[in-house]
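J.: need coordinates for the below:
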Amino acid sequence: MSTVISAGRERARVGHQAHARRRRHHSFGFWAATLAFLVNMGFSAVPTPLYVLYQQRDHFSTIMLTVVYAVYALGVIVSLFFVGHLSDWVGRRWVFVPALLLNVVSALIFLFAPSMPGLLVARIVSGISIGLTTATATAYLGELHLGVSGGEVASPRRAQVVATAANLGGIGVGPLVAGLLAQYAPQPLRLPYILFAAVLCVLAVLVAVSPETANRPDPTPRYRPQRIAVPRHARRTFFAATAAGMAAFSVYGVFNSLAPTFLAGTLHQDSHAVAGAVAFAAFASGAVAQIALSRAGLQLTLRVGPLLLIPGLALFAGGMWVPSLAMFVIGGVLTGAGSGLAFRGALTAAGSTAPPESRAEVLAGFFLGAYIGLSVPVVGLGIGTQYVSARMVMLVFVVIVAIAVVLCSRMVRAQHALQRPGGLASRRG
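T.: Predicted structure coming up:
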């Protein structure tokens, strides 16, 4: 009898140790994936404070600068719809690790082919990497967090908050680090890429030895691109939410491309560190705002977003007219926070328009609109600066964005209220 009891205790002890090892392995993977997500998103924005240097060296126009930036969004869109969903089939690591290594390839192109064609190719490759990363890393963090909880009931909020911080925060960290290196270290057009490439190689190894979390279907489905579908009854809400997401992303596009040029040309601030810090402040404030209101409902999120965004845009444009660096930076912080909330509310609304089995298809359409907003308006701004002053171009831009965000947010809130239990649509049913 005592032998049976001892054997049972031994099995329980071994099981407890295995359970503890599994949790530690998932915890290791969670933080490795978080750092990899942050650094990879950061690399995508490394060129932000360096564009001015490329312009000075190669004497290309602001239009070409915006084209170099915009092809990145093209790479993201192509990647999202052709391979962004494959991690559900082949596993998270089999997509995430190649995504990290693609940005290493992008860094090598920046280093060894720094001419205009090389810049274009490097940005497209980086966009493909980010298209692979965003959905895969977000899903991976959520699943690893469940593994850390050991199968216990766990709120997804922690994983969502960490993913938000890594995504927007990473895009802010990239320009900050690159700006500091460009200002205070040698070889400003080489050292940032070398540093990020080295870190990404290490993180790729750490992710490779992290646990796999995806349950691969057997047999593996036949390949098809990501479909885009929107239920007919939800199209008004979806299109309003997508328009709001486009407007919010267009603001981030300005910070990620033209803001350093405006700082140098209009505000006479030639410091690369300042250019990187301004971009960091905008993206970091967006991440902080999303985290601070992570428990807020859709209605509150879409109310607070425009309340921050509109005065932020006014200060941002006003800082160029006065001119005032302090006003420009404060406006950037408020604009970044408001854009982050507007985008989060729009994304939530778009996702709520579809049943679970078609949510990925609906969100694919939403992100298509968002990345169009990230690129097309920036190119338009670049073209506009060839004919009128940057001050006037930004004034027109902020007015259009403010009107679009207010109208679309109000429409989304109204449609969402109708769809809630007790709303007009419910009462008619």
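
J.: mind listing the helices for the stretch 201-350 of the chain?
T.: 235-257, 259-265, 272-292, 298-321, 325-351 (DSSP state H, counting those that start in this stretch).

J.: looking at those helices, which is closest to residue 223?
T.: helix 325-351 (24.8 Å; C-beta to C-beta). To be clear about C-beta, it is placed using only N, CA and C from the backbone, and glycine gets the same treatment.

J.: in stretch 100-120, which residues are buried?
T.: 100, 102-107, 109-111, 114, 119-120 (16 or more other C-beta atoms under 10 Å).

J.: wait, stretch 24-33
T.: By 16+ other C-beta under 10 Å, the buried positions in stretch 24-33 come out as 25, 26, 28, 29, 30, 32, 33.

J.: just checking, which of those belong to helices?
T.: The members of these that map onto helices under DSSP state H are 25, 26, 28, 29, 30, 32, 33.

J.: how many neighbours does the residue lying closest to the first one once chain neighbours are set aside have?
T.: Right, the one you point to is residue 25. Using C-beta to C-beta, 6 or more residues apart in numbering and skipping the chain neighbours, the partner closest in space to residue 25 is residue 211 (5.3 Å). Counted with other C-beta atoms under 10 Å, residues neighbouring residue 211 total 16.

J.: which ones are touching residue 276?
T.: 48, 49, 175, 176, 177, 178, 179, 180, 182 (C-beta atoms under 8 Å, 6 or more residues apart in numbering).

J.: so which of these comes closest to residue 37?
T.: Of all these, residue 177 has the smallest distance to residue 37: 15.8 Å, by C-beta to C-beta.

J.: give the helix, strand or coil label for the closest one.
T.: helix (DSSP: H, G, I helix; E, B strand; the rest coil).

J.: just give me how far stretch 197-211 sits from the chain centre.
T.: How far stretch 197-211 lies from its chain's middle: 20 Å, per C-alpha atoms, centre = their mean, to the nearest Å.

J.: give me the mean pLDDT for that stretch.
T.: Averaging pLDDT along stretch 197-211 gives 96.

J.: flag every buried residue along it.
T.: 197, 199, 200, 203, 204, 206, 207, 210, 211.

J.: same question for stretch 337-356.
T.: Applying 16+ other C-beta under 10 Å to stretch 337-356 flags 337-354 as buried.

J.: the helices of the stretch 201-350 of the chain: which one's closest to residue 192?
T.: Nearest of those (C-beta to C-beta): helix 272-292, 9.7 Å.

J.: what comes up buried for the closest one?
T.: Within helix 272-292, the residues scored as buried using 16+ other C-beta under 10 Å are 272-291.

J.: same check on stretch 261-268?
T.: Quick answer for stretch 261-268 (16+ other C-beta under 10 Å): 261, 262, 263, 264, 265, 266, 267.

J.: now pLDDT and distance to residue 129 too, for the residues you listed, in CSV please.
T.: CSV is the format used below for the buried residues of stretch 261-268 (pLDDT from 0 to 100; distance: C-beta to C-beta, whole Å):
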residue, pLDDT, distance to residue 129
261, 86, 25
262, 88, 28
263, 90, 27
264, 86, 28
265, 84, 31
266, 86, 32
267, 88, 32
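
J.: greatest separation within those: which pair is it?
T.: Within the buried residues of stretch 261-268, two members stand farthest from each other by C-beta to C-beta: 261 and 267, at 10.4 Å.

J.: right, and residue 126 touches residue 74 too?
T.: No. Residue 126 lies out of contact with residue 74 (C-beta atoms under 8 Å); the separation is 11.1 Å.

J.: neighbour count winner among those two?
T.: Neighbours per residue (other C-beta under 10 Å) separate residue 126 from residue 74, with residue 126 holding more: 27 against 18.
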